[in-house]
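1. Please find the sequence and the predicted model below.
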Amino acid sequence: MIHQKHIILALSLILSSMTVNAADLNRSEVQQLLKKATKTKPADLRRKDLKGVNLSKLDFRNADLWGADLRGANLSQSNLSGLVLDLTVMTGINLSGANLSRVSIFGVSMMRSDLSNVNFSDSRVIANLDNSNMSNANLSNVRWGADMKNQPMGLMRISLNKVNLSNANMKNADLGRTTMRFANLTGANLENAILISAELGAANFTDANVSHVDFTSAKLAESNFTNATLTGANFHKIQGQDSIRGLKNNKSKSTALFD
């Protein structure tokens with residue numbers, strides 16, 4: 001008969017024999033690579049395992065991070081402007097206050113990440129950012145809408161379900177066909193944004209500026225527009241209009257376009 005203490009001993013021996021997979025590089029090693037890097041000879045971080053590494057406040061503009069594993073890494077206040085970050089793995093990453101302007105991110109998981117105060121302006125992103133914090137982020141002029149001319153594997157689009165976008169700057173953003181169910185957009189500036197055919201069920205636009213936003217064919221069931229600025233917003237062919245909250249007493253509703 002096998003006693004419990006023998007089982008515990010066997011398990012402890014097995015666990016002690018298992019090696020912990022450490023990251024390929026530590027912060028100091030990454031810093032040395034970045035120090036020597038140039039535009040023509042970028043730091044080779046391609047496909048590197050950098051899980052959980054503290055890389056905050058570093059300048060990655062002369063780095064190749066394509067396909068790197070950045071899960072749980074801290075890149076807060078870092079500079080990644082202009083990089084191609086396609087196929088990187090960034091679930092649970094900390095990019096708070098980081099500069100990601102003009103980046104390309106395709107086919108990436110960024111779920112449950114801290115993206116507060118991040119600068120994503122002028123970027124092109126197709127990724128899953130569900131349950132992330134993007135409060136006070138700069139998403140002005142982003143091109144995050146689905147490219148309907150290039151869908152060889154079915155609809156590829158950005159996912160922003162349950163994302164905190166409160167007080168974000170989304171002016172002139174292209175978010176066509178985006179899925180943003182239960183997103184928090186309170187106080188956000190979406191002036192002139194494109195949300196054609198977006199899935200916005202239960203999204204909260206309280207106190208948001210949605211002036212001249214194109215909501216054509218968007219799904220808006222149970223969404224909330226309390227005190228939102230609706231000037232010139234286009235609600236043509238939207239779904240769920242009868243369940244939208246905050247429209248009845250909205251002072252700028254008469255300036256919006258409804259069917």
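-> Nice, thanks for sending it over.

2. mind showing which ranges of the stretch 51-200 of the chain have poor pLDDT?
-> Per-residue confidence for the stretch 51-200 of the chain (pLDDT under 70) gives these ranges: 147-155.

3. at 90 what do you get?
-> 107, 145-157 (pLDDT under 90).

4. What ranges does it have for its strands?
-> Along the stretch 51-200 of the chain, the segments classed as strands by DSSP state E, counting those that start in this stretch run 63-64, 104-109, 124-128.

5. My guess is Leu70 contacts Lys51. True?
-> Yes - in this structure, Leu70 is within contact of Lys51 by C-beta atoms under 8 Å, at 7.2 Å. (Each C-beta comes from the backbone N, C-alpha and C, glycine too.)

6. So which of those two has more stuff around it?
-> The residue with more neighbours, out of Leu70 and Lys51 and counting by other C-beta atoms under 10 Å, is Leu70; that gives 29 against 19.

7. dump the residue contacts of that one.
-> With contact set as C-beta atoms under 8 Å, 6 or more residues apart in numbering, Leu70 has these partners: 50-51, 88-90, 93.

8. Kindly report the same for Ile196.
-> Ile196 touches 145, 176-177, 214-218, counting by C-beta under 8 Å, 6+ apart.

9. can you do 6 Å?
-> By C-beta atoms under 6 Å, 6 or more residues apart in numbering, the contact set of Ile196 is 176, 214, 216.

10. can you redo the strands of the stretch 51-200 of the chain as CSV with distance to Lys57?
-> Compiled in CSV, the strands of the stretch 51-200 of the chain are given as follows (distance: least, C-beta to C-beta, whole Å):
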stretch, distance to Lys57
strand 63-64, 14
strand 104-109, 21
strand 124-128, 23
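
11. export these to a markdown table and tack on mean neighbour count?
-> A markdown table is the format used below for these (neighbours: other C-beta atoms under 10 Å):
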| stretch | mean neighbour count |
| --- | --- |
| strand 63-64 | 20 |
| strand 104-109 | 17 |
| strand 124-128 | 20 |
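
12. for Ala29, helix, strand, or coil?
-> For residue 29 the amino acid is Glu, not Ala. At Glu29 the chain is in helix, as set by DSSP: H, G, I helix; E, B strand; the rest coil.

13. sorry, back to before: counting neighbours, which of the contacts of Ile196 end up buried?
-> Listed as buried from these are 176, 214, 216; burial here means 16 or more other C-beta atoms under 10 Å.

14. Show me what Asn94 is bridged to.
-> According to DSSP bridges, the partner residues bridging Asn94 are Asn74, Asp114.

15. How much space separates it from Ala188?
-> When distances are taken as C-beta to C-beta, to the nearest Å, Asn94 and Ala188 turn out to be 22 Å apart.

16. Wait, Lys48 touches Asp24, no?
-> Yes - between Lys48 and Asp24 there is a contact at 4.7 Å, judged by C-beta atoms under 6 Å.

17. Arg181 touches Asn161, doesn't it?
-> Yes - between Arg181 and Asn161 there is a contact at 4.8 Å, judged by C-beta under 6 Å.
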